[in-house]
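>>> The following comprises the amino acid sequence and a computationally predicted model.
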Amino acid sequence: MKHTLTLTRWHKVAERINAALKEREARMVAAFTGATISPWNKEGVEQKVAVMAARGKADLALVEQGSAAVAAIRSALARSNAELGIAARLAEVEAANRRIGPESEPSWGRRDPPRITLQVADAALLAELASKLAREQARSHALLDEIADLNREKLELDVASELHEIAGLAA
């Protein structure tokens, strides 16, 4: 069934499917490899094993289908992000954030010799740096706002009805 959702919502759908798949994978592995039989309760064990195997097969099918759906969603999101310029803006935000917060001196531990810290920059340089910082922060915020707006774009994708419940999609 086709669904038209925002890019942000598709990210959430992929996260939900992944979370549900992890749970199903664990249940599947337990069904296929972790079944134990108690020597005190042997009655009906064949039927119980058959039910566990059937549930494991169903989980396996859902895991395969869900993994394919997540891959398709992420691929479509990557294409949309590239078309809308989101990836470029994110890279620009990262660069701005690096310029905003340059790394401080590395610490060498407790055995550092005593030091005296001096400020060698004059007031004009400090004012210029503060101005640059403010511009970089404003640019970073503007880019993040643009990205948030672009993530409201709609994308239509087909999701198998078997995944609707775990994806949080209305049928």
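Good, I have the coordinates.

>>> buried sites along the longest helix that the chain contains?
The helix that spans the most residues within the chain, counting by DSSP state H, is helix 45-84. Using 16 or more other CB atoms under 10 Å as the test for burial, helix 45-84 gives 52, 56, 59-60, 62-63, 65-66, 69-70, 73, 76-77, 80-81, 84. From N, CA and C alone the C-beta is placed, and that goes for glycine too.

>>> and it, average pLDDT?
Per-residue pLDDT values over helix 45-84 give a mean of 91.

>>> who touches the helix or strand just after that helix?
Later in the chain than helix 45-84, the nearest helix or strand by DSSP states H and E is helix 86-100. Applying CB atoms under 8 Å, 6 or more residues apart in numbering, the contact partners of helix 86-100 are 7, 80-81, 132-133, 136-137, 139-140, 143-144, 146-147, 150-151.

>>> Which residue lies nearest the spatial centre of the chain?
Centrality entry for the chain: nearest residue to the mean C-alpha point is E15, 6.4 Å, by CA atoms, centre = their mean.

>>> Please identify the helix or strand for it.
Using DSSP H and E, E15 sits in helix 7-33.

>>> if we can go back for a sec, which ones among the contacts of helix 86-100 map onto helices?
Per DSSP H, the contacts of helix 86-100 map to helices at 7, 80-81, 132-133, 136-137, 139-140, 143-144, 146-147, 150.

>>> isn't there a helix covering H3?
No. Looking at H3 with DSSP: H, G, I helix; E, B strand; the rest coil, it is strand, so not inside a helix.

>>> That one - how many residues pack around it?
17 (other CB atoms under 10 Å).

>>> Also W40?
Other residues close to W40 by other CB under 10 Å number 6.

>>> which SS class is it?
At W40 the chain is in coil, as set by three-state DSSP.

>>> any idea how far it is from A31?
W40 is 21 Å from A31, where distance means CB to CB, to the nearest Å.

>>> about what we covered before: just the mean pLDDT for the helix holding E15, thanks.
Mean predicted confidence for helix 7-33 is 92.

>>> Which strands and helices lie in contact with it?
helix 45-84, strand 154-158, helix 164-167 (3 or more CB pairs under 8 Å, 6 or more residues apart in numbering; DSSP states H and E).

>>> Now these in TSV, please, with extra columns for distance to P113.
Converted to TSV, the helices and strands packed on helix 7-33 look like this (distance: least, CB to CB, whole Å):
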stretch	distance to P113
helix 45-84	49
strand 154-158	58
helix 164-167	59
